[in-house]
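Student: what's the 3D shape of this:
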Amino acid sequence: VRYQLECPAAELAEALAIAVPAPLTVYVDTGDLPETARALVGAGHSPGLPAGRDAGEIADFLSVLAHAGTGFAARARDAGEVLALLAATVAALRGDDVRAALAAPDPARLTGLIPEAAAAVREILLAVEVDDPAAVARDLAGLGLPPR
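Tutor: Reported below is the predicted structural model:
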């Protein structure tokens, strides 16, 4: 079980104080994404990464999350964004250029991960929400990334 909370930036302090009996992912609508992520990780919560953020924001966000114990969840509009998030997460874990991974994600690099590396990615990127899971799964499978 994982709880999810939509939080206006003005109510972040209240979200930080929430204690629930399972992990909590908090999506904050506006504000400084890395600072919000840092605060949420400090409170033991998983930050949520909204869809459509620019590469700089995502890179800064992942610099906070790459080695945090909470992991994060994300939202994506399509398979391209899912692929970019996976590639960026791998790049952040490896210390590679996250912006470059977002701009030109390489499916072959993802399918070539050793099992331990794939497990590390799953520990950081906990979930990706999409509006049309069947279409995204089909598109990712077409890129050589079958569902698990």
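Student: all strands of the chain, in order?
Tutor: Taking DSSP state E as the test, the strands found in the chain are 3-7, 24-28, 46-49, 72-75, 125-129.
Student: reformat these as TSV; add mean neighbour count, distance to Leu113 and mean pLDDT.
Tutor: Using the backbone N, CA and C atoms, a C-beta is placed for each residue, glycine as well. Formatted as TSV, those follow (neighbours: other Cβ atoms under 10 Å; distance: least, Cβ to Cβ, whole Å; pLDDT from 0 to 100):
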stretch	mean neighbour count	distance to Leu113	mean pLDDT
strand 3-7	15	27	94
strand 24-28	22	24	95
strand 46-49	24	21	96
strand 72-75	22	18	96
strand 125-129	18	12	95
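Student: Val64: which of the ones you listed is closest?
Tutor: Shortest distance between Val64 and those, using Cβ to Cβ, is found for strand 46-49: 7.9 Å.
Student: which residues touch the residue nearest to Tyr27 when sequence neighbours are not counted?
Tutor: Once flanking residues are discounted, Tyr27 sits nearest to Gly48: 3.4 Å by Cβ to Cβ, 6 or more residues apart in numbering. Gly48 makes contacts with 4, 25-28, 72-75, as judged by Cβ atoms under 8 Å, 6 or more residues apart in numbering.
Student: now Gly48, which residues is it bridged with?
Tutor: Here Gly48 sits in beta bridges with Ala73, going by DSSP bridges.
Student: ok, back up a step: same list, the strands of the chain, but as TSV with distance to Ala104 please.
Tutor: Listed next are the strands of the chain as TSV, based on distance: least, Cβ to Cβ, whole Å:
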stretch	distance to Ala104
strand 3-7	31
strand 24-28	27
strand 46-49	20
strand 72-75	19
strand 125-129	19
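Student: right, so of those strands, which gets closest to Ala13?
Tutor: Taking the strands of the chain one by one with Cβ to Cβ, strand 3-7 is closest: 10.0 Å.
Student: just give me how far that closest one sits from the chain centre.
Tutor: Taking the mean of its C-alpha atoms, strand 3-7 sits 15 Å from the chain's own mean (Cα atoms, centre = their mean, to the nearest Å).
Student: just checking, what packs against it?
Tutor: helix 12-17, strand 24-28 (3 or more Cβ pairs under 8 Å, 6 or more residues apart in numbering; DSSP states H and E).
Student: and the angle from that strand to strand 24-28?
Tutor: Interaxial angle of strand 3-7 relative to strand 24-28 (axes from the mean of the first three to the mean of the last three Cα atoms, to 10 degrees): 20 degrees.
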